[in-house]
Structure formats: C-alpha cells, structure tokens
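1. sequence first, predicted model second:
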Amino acid sequence: MVFFERILPWVMRHSGTLRIGLIWITITVAAAICVALVVGRAAAPISQEATQRPIGFALRRRQVGTPSTDATFALLATFIASYIALMVGWEAFAYYDDSVFNLITLKGHNIPLWVQPEDGRFQPLAFEEFNLVRHFTDTITGYQVLPIVQLLIISIIILIIDRELSIAARCILLISVLLTPSILATFTSLLASERSFLFFLMFFALSIKRFEQSQSVASAVSTVIFTQLVIYSKETAFLLLLGFAVSRLMFRCATPHFDLGRLWVKESRLDLVLFSLATLFLIFYFGVVGIDGNMNYAVRARLPRSHVVLGYITVDLLPWLIIGVLLARIYLILRHRVAPLLFWDGLAAGGVACFFAYIYLSIFRVHYPAPVDLIAVLYVGRFAVLSWKKVPSWAKPAVTALVLIVLFQDILVSTFVVFERKNVIQGKTRIASVVQAQYRRDRLKSIRLFFPFAGGFTTMEFGAYLNSLGVPVEGATGEVSSPNGVVLTRASRVSAKDGPCVEWTNITCHFVPGPTPGDLVIVLPDDNASLAKVSAYRDKGVVLLYSEPRLPIPRWLHSLFDGLPIGSQGTYRYDPLPDRWMDASVTKWQ
C-alpha cells in the first residue's frame, strides 16, 4: 500500500510523458513485428544494389599500409582532434538556450519531453539524453562527451557506408561534411536537435544498406527502430523519411518499365512500412497539437520567404546543389540514360523534401539544413568523384570553380559561426565574473543590472547563467525579489510591463527609464548597438570591465561577414555588424 501511495503521485505528474512513451513503444514494436512478417514472406529482391558485397572499408590489399593511406588517416585524425578541441574549448553554459541546463538539469531536474502543443513543437526524443548525463556530471566538458561520441560514430559510418569510393575520397567527403556551417553549428551547440537527427539518420542509412545487401529480417527491424528514433527527434524528419520511401517506390516501379508488381518485393515492403511510420507520425502530431496544427513557434520565427531563400543561398549552397543534381538525375532516369540508385537517390529526395519544409514555413536557422547538407555532400560528392573521368575537359574548370565556391562559403560561414559563439560566451562569462564579485562583496545589498540594448530572451539567458553561478536572480527559483539578489532591468518600451522576461520562465525583467547611481550597466558582446550608443553609457560611469574579442578579426574583414544574415542566436540579421562588434563591458553608473 505504501508503494502505491508513493508511485501514484509520480504517475499522475508524468501521465503525459508515459502516454506518449507508451504510444511510441507500441508503434515501434508493432512496426517491427509487421516488417518482420512482410519482409520474411516477400519475393526475392530485384535491386542491383542488393548484390553488393557487405559494407566495410573494402580496401584493396595494395591500399593497406601504403604511405598515401597512412597520410590520409593521419590528416583525418588531426582534423577530427582539432574539431573536438574546437567543440570543447572556451565553452560554458552561457550561450543561448543554455537556460535549459542552468534552470533544469544543473538544478537536479529532468528535461521534460519537448512537446509543446501551443507552439506546434513535437520532438519528444530531443535532448532526453541529458537526463542521463546530468547524473554523472555538471560540467560543460562532461556534457560534451556524448556529442563527441556521436561525432566519432557518425564519422565512422560515413567512412564505411560507400565502398565504391577510395579511402582518400571518403576522408575528403567526411572533412567536407564537418566543415559545413550547419553541421559545425549543430555539434558546437548542445541544444541542437539536429545532432540526434544526424546520429539516428546515419544508423538508419547503415541499416538500409545492410538490408539491401543481406535481405535479412534483422536489418529490416533495425531500420524500423532507427526510423522511429529519427522522426521523433525532429518534426521535419518525417518528411525526409516520407520522401525517401515514396521516391524509392516510384523509381522501383517505373524503371526500366512500369510494373506495379514490384510493390511486393522485399525492399518495397520495407519502404511501405517506412511510409506508414511517417504517416503515423503525422497523425500522432495532429493528435497532440490539435487538428488545426498550432504553429506559433513557426509564426514567431517567420520571415518573408524571399529573405529565407536569399539567406539560405548566402550561407549554404549545398541544398540548392543537391536539388540541381537530383533533378538532373531524374531527367536522365526518365530518358533511360542512367539507372536509379535507390539508396542514394532516395536519400537525396528525402533531403530535398526536408529542406523545402523550411522554405514553406519561412523559417531560418543556420543549423536547420544539417541533415540535408550531410546527404548533399555524400550524394553530390560521390557522383563527382565517380564520374570525374567522364566529365568533358571543357566542363572540368566550371565544376572545380563550383567546388571552390562552396568550400569558400562553408569555411567563411563556419568561421563566423565559431568566432561569434566563442566570443559571446567569453564576453558573458567575464561579465558574470564581475557581477559575481560585486555580489560577494556585499551579500546584503540587491544588485541592479541594467541592459540598455538586450532583448527579453537575451536578458533571461544571462540571468539564468548568473543564477547557476550561485548569484540569486529574481524569479529564477520561482521566488519573489529578495534584498540580497540580482534584479534585471531593461530600457523602457512602449506599454511594457514588469514581469517574466519571456513567457516560459519566471525570471523577471523590470522596465525603467534608465540606470540609477550604483546600477551595473551591461553591454553584451552581441548587442546590436554602435560604438557611439554604447559610449553614451560607458562615459557616464566607472568601467569595471572592458572585454575585447578573442583573436579579433581585422576591421577590413568585417565586410565579408556583413553579408551573412546570421545572428548569434542563429536568426536572420538585416543590419550590418556594428562597429564595436563583439566587445563587452560592465559600467558602474554614477
């Protein structure tokens, strides 16, 4: 009886989580049983890809231990080690969205399922891994161990999934994948659900490959399991799986001549199950968020579609490149000039469908196209490598120029993303150290922080970081203001009222006409304010901290970054960079 008295309140508190988890498990188990039955009874496969040898490095004897192979692996190992160092270096829980850690996991609580019907968000498997991680560590480096492991596993799968390419080509493609700004932004940020999307997607692709080669029931079942993990880690993932399954069914039935009988071979039956799972996700989604499909998150982030298209062109040409190559291959397939490659063409079709979802929704983030970019590099790259000798001599300079343009864009945007992230974190940690020192100097007094340029979300995130350092911030623990904490104030806005800085937390923001004597005026590194506006505050007090960016970029290079529509929150930026870009300060107002 005592057991039930204790367990019943827990069940009631987590009834929504249990219900969603139970439905997910039921669908997954039912799909696994179904695919085992239908695949086991299906006719023999007809795909040419099914006759390939098992997946592996497939190195020729003359490649093993050769100087070129050793040099290639040494270069790759150095690159990945540097990449991991970049992920770990100069990090703290001070970037945007890290309030999830500062207010939840670092306080000993679990991140709830990322299901928000009022906003149209439904990715219940996103970030759940940190509910396990929090039991073992509370450091930023400890939290990054899992993303590092995911990075290494994804790298291994990329190296083994396409045996037609040489080891050197696979290593070059892997480096190209990791250099793309969307994937770099995904792995340098803990709270990017695209990372789990990528991780499960690669296992899904590996399972499909193994099924095409072995036709085993175990491979089909693992494909279904990873499908379920993919589509419930990110809302748009179901479109990738839907495009993958539908395109493969169409290619299989239409070539070399139309035959609906091919719907009943093993591979088609598996694709039909994948199609069903994507459809069930959509039904599940509308069952949770409502038949009207509340899309408040997308509505708040919506931009003019022309800006979104231009933004993705400016920062990422790879999605547009894969669209062009896929359309060209479809044309050649319909003209019976090439045979479809169901695995690669299916992945490309799914990636394009996923990308068009962001265009349709008119939302822009630099990390959104990460799965599309991964597929694009592997898809376009393999055809470029395998068909290079067949490319006419007059076309090779154009292809080379296109590759160099994409590579230059990736390096430029990735540099911007990393430079901005690291300097935002550095600036905020230095500011927080000053505030922390002021708090420790006199714990009986309340400290007022005035943010002349920051918005509500930015202010809230900084307050959450301060609170995690042991500096009590009003509302961070759900309590009213105390005489020995930090009060967050912002410049007055029209009809603005004191209250939560953002609607989903209790951290409180007060609106005031301006700072009062003794206030600490905070200029954050990514505040969109000119030097003249910032100086108006710095010149009227005692500057306690002035922080410049680490490894500052020369002013004359700012023009390159001005053309990139990326803000430090990953949002679309209209204005050029301010002339004081990335400096930060704390001024005691007098």
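-> Ah, there it is.
2. tell me if I am right that Arg573 is in a helix.
-> No - counting by DSSP: H, G, I helix; E, B strand; the rest coil, Arg573 is not found in a helix; it is coil.
3. return the residues in contact with it.
-> Arg573 sits next to Leu564, Pro565, Ile566, Gly567 when contact means C-beta atoms under 8 Å, 6 or more residues apart in numbering. For every residue, glycine as well, the C-beta is placed using N, CA and C.
4. show me where the stretch 201-350 of the chain has helices.
-> 217-231, 237-254, 266-289, 296-301, 305-315, 318-334, 342-361 (DSSP state H, counting those that start in this stretch).
5. on the three-state scheme, Pro515 is what?
-> Assigned with three-state DSSP, Pro515 falls in the coil class.
6. who touches Thr255 in this structure?
-> Ile333, His336, Ala339, Pro340.
7. turn these into a markdown table, including distance to Phe284.
-> Shown next, in a markdown table, are these (distance: C-beta to C-beta, whole Å):
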| residue | distance to Phe284 |
| --- | --- |
| Ile333 | 34 |
| His336 | 40 |
| Ala339 | 36 |
| Pro340 | 31 |
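8. lowest pLDDT pick from the contacts of Arg573?
-> Minimum pLDDT across these is recorded for Gly567, with 76.
9. go ahead and confirm that one touches Asp526.
-> Yes - using C-beta atoms under 8 Å, Gly567 is in contact with Asp526, at 7.2 Å.
10. who has more neighbours, these two?
-> Taking other C-beta atoms under 10 Å, Gly567 and Asp526 do not tie; Asp526 has more neighbours (23 against 16).
11. quick one: pLDDT of the more buried one?
-> Note for Asp526: predicted pLDDT of 90.
12. do Lys390 as well
-> 88.
13. could you check how far it is from Val377?
-> From Lys390 across to Val377, the span is 21 Å (C-beta to C-beta, to the nearest Å).
14. could you do Arg134 as well?
-> Going from Arg134 to Val377 by C-beta to C-beta gives 34 Å.
15. residues contacting the spatially closest residue to Ala278 that is not a sequence neighbour?
-> Closest residue to Ala278 apart from its sequence neighbours, by C-beta to C-beta, 6 or more residues apart in numbering: Leu242 at 4.1 Å. The neighbourhood of Leu242, defined by C-beta under 8 Å, 6+ apart, consists of Phe275, Ala278, Thr279, Gly350, Ala353.
16. quick one: the helices in the stretch 1-150 of the chain?
-> Using DSSP H, counting those that start in this stretch, helices in the stretch 1-150 of the chain cover 2-13, 15-40, 67-88, 99-103, 130-133, 140-143, 145-161.
17. tell me what angle the longest one forms with helix 266-289.
-> For helix 15-40 against helix 266-289, the angle between stretch directions is 160 degrees (axes from the mean of the first three to the mean of the last three C-alpha atoms, to 10 degrees).
18. give me the mean pLDDT for helix 15-40.
-> The average pLDDT within helix 15-40 is 88.
19. by contact count, what packs against it?
-> Contacts defined by 3 or more C-beta pairs under 8 Å, 6 or more residues apart in numbering; DSSP states H and E place helix 15-40 against helix 217-231, helix 266-289.
20. domain ranges for the chain, per the record?
-> In the assignment given by automatic domain parsing, the structural domains of the chain cover 11-390, 423-589.
21. what about Lys533, which SS state?
-> Put simply, Lys533 is helix when judged by three-state DSSP.
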